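S.K.: pasted the sequence and its predicted model underneath.
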Amino acid sequence: MSLKKLISAVLNQKTRQKLMICAGLLFVLMMVTGFVSGYKTVQVLDSGKMLEVNTVFSSPGKILDQAGVQLQDKDEYRLSTDKVKNHTVITVYRAVPVTVEYQGKKQEIITGKPTVEELLSELGYDGDRYIVTPGLTSKIQEKLNIKIEAISEKIIEREEQDAYQTLRQPDPEMEKGNEQVIQYGSNGVKKVKIKEHYRDGTKTGEEVMESTVTVPAQPEIIKTGARDTVTTSRGAMRFSKSLYMEASAYLPTDGGGAGITATGMAAQHGVVAVDPGVIPLGTRLFIPGYGVAVAADTGGAIQGDKIDLCMESYGEAMSFGRRTVKVYVLD
């Protein structure tokens, strides 16, 4: 071999060695870079204890094994992120016994589901056809009692009474407090479509969807008095109300004979005794056939709707006797 060829061979061998070294360094660098990029810190929450794990694994199962957390039958876990990444929290839910009650039957279930909603979904109680106690977002805990009630609806039609209305028509010619029926009311008939609500077969309520009147109701019309004045010997006087009372008569000399009333007024015509609980003392009154008066006296026998009118003479009192009178309470 010539010297030229020998030198060329030596140079090629050294070049190949350098290339192999560079390739090896590049491979090691890639491995180290990949290892660093896949390295993450993950937290595992198990039975209230938080464990921190430094790992290159992306599988939750392998990370739990690395943390020494063993899952038993029915135990479950949830990630705080869609997949394992740096600072992901893996929460372990240990299976516990719960009771599920439905239509009077109780079933004990061992579950690791975190919420009532997830458990019921697994059992097939989906949708809005159930009422659940406690609520769907409630957390599963040991010996939790979950009551499921089926809700349903039923559409029915029935005839109902359509109640008549009462219409009052003020009459300025009629005295206030008086009424007169000028048309009696009668109920009608209506056909009603109703949605009934049931919980576990027991009716809990209903709502009217639509209603159609088949026989119209006839309103009751009542004429009501609007006139609030009464004609007296002193002219028209305004009154606030009127009432019928049992009236009797007395003389100023009755009782102790002093002729002084409970209010200190002298007993005379126009002074009447009342029950203050019905007519307050000092109230001005008008009694047809007797005249304008003032409630100024009381009496042991004058209780309730009774009134005692003072007369001027014994004959007048005897002639009056005892009768029902209309009493106007004047403004």
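M.R.: Sure, I can see it.

S.K.: tell me what the most centrally placed residue in the chain is bridged to.
M.R.: Central residue of the chain (C-alpha atoms, centre = their mean): residue 205, 14.6 Å from the mean position. Taking DSSP bridges, one finds residue 197 as the beta-bridge partners of residue 205.

S.K.: for residue 285, grab the count of nearby residues.
M.R.: For residue 285, the neighbour count with other C-beta atoms under 10 Å is 23. Yep, even glycine has a C-beta here, placed from its N, CA and C like the rest.

S.K.: could you check how far it is from residue 273?
M.R.: Using C-beta to C-beta, to the nearest Å, residue 285 is found at 12 Å from residue 273.

S.K.: overlap of the contact sets of the two?
M.R.: residue 295 (C-beta atoms under 8 Å, 6 or more residues apart in numbering).

S.K.: picking up where we left off before, isn't the residue nearest to the centre of the chain right next to residue 198, touching?
M.R.: No - under the criterion of C-beta atoms under 8 Å, residue 205 makes no contact with residue 198, lying 9.1 Å away.

S.K.: can you get me the start-to-end distance on stretch 54-68?
M.R.: 13 Å (C-alpha to C-alpha, to the nearest Å).

S.K.: pull out the buried positions in it.
M.R.: Buried positions in stretch 54-68, judged by neighbour count with 16 or more other C-beta atoms under 10 Å: 55, 57, 60, 63, 64, 66, 67.

S.K.: please tell me I have it right and residue 103 contacts residue 150.
M.R.: Yes - under the criterion of C-beta under 8 Å, residue 103 makes contact with residue 150 at 7.2 Å.

S.K.: higher neighbour count, those two?
M.R.: Shown here are residue 103 and residue 150; by other C-beta under 10 Å, residue 150 has more neighbours (14 against 9).

S.K.: pLDDT score for the residue nearest to residue 241 when sequence neighbours are not counted?
M.R.: Leaving aside its sequence neighbours, residue 241 sits nearest to residue 329 (C-beta to C-beta, 6 or more residues apart in numbering; 5.1 Å). At residue 329, the predicted lDDT confidence score is 97.
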